[in-house]
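Visitor: Generate a structure from the sequence data that follows.
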Amino acid sequence: MAKRIKKPPVRPEVRKRWLNRHEQDGDSPPQIAATDGFDVRTVRKQIERARQEREVREARSIVLRNAMERHYADICNFAEKLKVAVAGEESISLLVDDPLWLALKQHLPRSPLWNPLNRRDTLLERLDVTRSSLKTRLKAEVGLDARLKPVLSSGGSGVVPGVVEYLAFQAGERSQGRKGLDDIDAYFRVKPAEDDLVSIECGAFQMGKVMKQQAATVKDVLIDWKSKVLSWEESHEMGRILAELQRVRLKLRDELNTITLRRIVPGRCKYCPI
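Guide: The predicted structure is shown next:
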């Protein structure tokens, strides 16, 4: 009796070829078995195995593609959050702590985004110092205005803080070429309060309660100081800072728009699915 020769295992590339011949060329398992000298049962088994391996590869590819799409979407959504944050004056420290900050930085380590972000922080610090200095000077000098002495002595404690906040805001607006609340006649409001008092405000700035006849005095003080404060160095410095801050914001907006509109971020990060 002749000794049966054991054939070597079917290599992966062979079973892939058999699957292609079966599906694309229409060769049946018996035809493949006869042509290649294999048992038909082996051919059928290997064709099925090749089909299962293909399905696994396709499933993995779909899972990976979905994971990559969600990863890019997460980064683009974070870029949108960053764009909103840099448009204001709030700290972005909470966003820096977000893992997606690291992801974005690892994807784009040489992006023109990072220097302007650092510059924004520096400008905001300078702005805070300058604005604080302006308010301190206003509080001291406005508080010495002789016209306010009877107002303050009769209980109008909210007048000076309200006037200071309004003037500091208006100085910032005018230093950027905007009108802000420049038309005091349009924004100055007097509302009845208890007894013979009235509540006064200019735009959103509350100035407390004063005697009814004192409201006109407060209005005159606002008008006079509004012009004076614009000539101060603090106002000019605030204008320079705000102008540069606006240029930095526009650059940041353009860079972040590029990220969100491309939708695919080059490079890799530690959170990439592959």
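Visitor: C-alpha from now on. contacts and neighbour counts both.
Guide: Fine.
Visitor: quick one: the helices in the stretch 51-200 of the chain?
Guide: Along the stretch 51-200 of the chain, counting by DSSP state H, counting those that start in this stretch, helices occupy 93-96, 99-107, 114-142, 149-153, 159-175, 184-187.
Visitor: any idea of the mean pLDDT for the last one?
Guide: For helix 184-187, mean pLDDT is 92.
Visitor: List the buried residues for that helix?
Guide: The neighbour-count check on helix 184-187 (16 or more other CA atoms under 10 Å) flags nothing as buried.
Visitor: Give me the residues contacting it.
Guide: The contact list for helix 184-187 (CA atoms under 8 Å, 6 or more residues apart in numbering) reads 181, 201-203, 219, 222-223.
Visitor: got the CA positions of that helix in CSV?
Guide: Only the C-alpha atoms of helix 184-187 are listed here, as CSV (Å, rounded to 0.1, in the frame of the first residue of the first chain):
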residue,chain,number,x,y,z
ILE,A,184,-25.0,109.9,27.9
ASP,A,185,-28.3,111.5,27.2
ALA,A,186,-29.5,108.3,25.6
TYR,A,187,-28.2,105.9,28.3
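Visitor: Start the count at 34 instead of 1 going forward.
Guide: Happy to do that; since the first residue is 34 now, the last one works out to helix 217-220.
Visitor: In TSV: the helices of the stretch 84-233 of the chain, plus distance to S268.
Guide: Formatted as TSV, those follow (distance: least, CA to CA, whole Å):
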stretch	distance to S268
helix 126-129	28
helix 132-140	35
helix 147-175	7
helix 182-186	26
helix 192-208	6
helix 217-220	19
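Visitor: Out of those, indicate the one that is most buried.
Guide: Counting by mean count of other CA atoms under 10 Å, helix 192-208 has the highest mean neighbour count of those, with a mean of 22.
Visitor: Are there helices or strands packed against that helix, and which ones?
Guide: Judged by 3 or more CA pairs under 8 Å, 6 or more residues apart in numbering; DSSP states H and E, helix 192-208 is in contact with helix 147-175, strand 238-244, helix 248-262, helix 266-295.
Visitor: For S187, find the nearest of these.
Guide: The closest of those to S187 is strand 238-244. By CA to CA, the value is 7.6 Å.
Visitor: If we only consider the contacts of helix 217-220, which is nearest to S208?
Guide: Comparing these against S208 with CA to CA places L214 closest, at 12.9 Å.
Visitor: Can you find the helix or strand in this structure with the smallest mean pLDDT?
Guide: Every helix and strand in the chain was compared by mean pLDDT, DSSP states H and E; the lowest is helix 126-129, with a mean of 86.
Visitor: Name the surrounding residues that touch it.
Guide: Applying CA under 8 Å, 6+ apart, the contact partners of helix 126-129 are 115, 134-135.
Visitor: right, and the helices and strands packed on helix 192-208 - which one's nearest G121?
Guide: Closest to G121 of the helices and strands packed on helix 192-208 is helix 266-295 (CA to CA; 9.0 Å).
Visitor: how far away is F71 from K40?
Guide: Counting by CA to CA, to the nearest Å, the separation of F71 from K40 is 8 Å.
Visitor: the more surrounded of these two?
Guide: F71 (15 against 9; other CA atoms under 10 Å).
Visitor: And the more buried one, its phi and psi?
Guide: Dihedral angles of F71 (phi, psi; degrees, to the nearest 10) stand at phi -120, psi 160.
Visitor: ok, for it, nearest residue in space, not its chain neighbours?
Guide: I65 (7.9 Å; CA to CA, 6 or more residues apart in numbering).
Visitor: helices or strands up against whichever helix or strand the one you found is part of?
Guide: In this assignment (DSSP states H and E), I65 forms part of helix 62-69. The contact analysis (3+ CA pairs under 8 Å, 6+ apart) places helix 62-69 against helix 73-119.
Visitor: which strands and helices sit next to the helix it packs on?
Guide: By 3+ CA pairs under 8 Å, 6+ apart, helix 73-119 packs against helix 45-56, helix 62-69, helix 132-140, helix 266-295.
Visitor: between the ones you listed, which gets nearest to G188?
Guide: Minimum separation from G188 across the helices and strands packed on helix 73-119 (CA to CA) falls at helix 266-295, 30.2 Å.
Visitor: Give me the distance between the closest one and the centre of its chain.
Guide: Distance, stretch centre to chain centre, for helix 266-295: 14 Å (CA atoms, centre = their mean, to the nearest Å).
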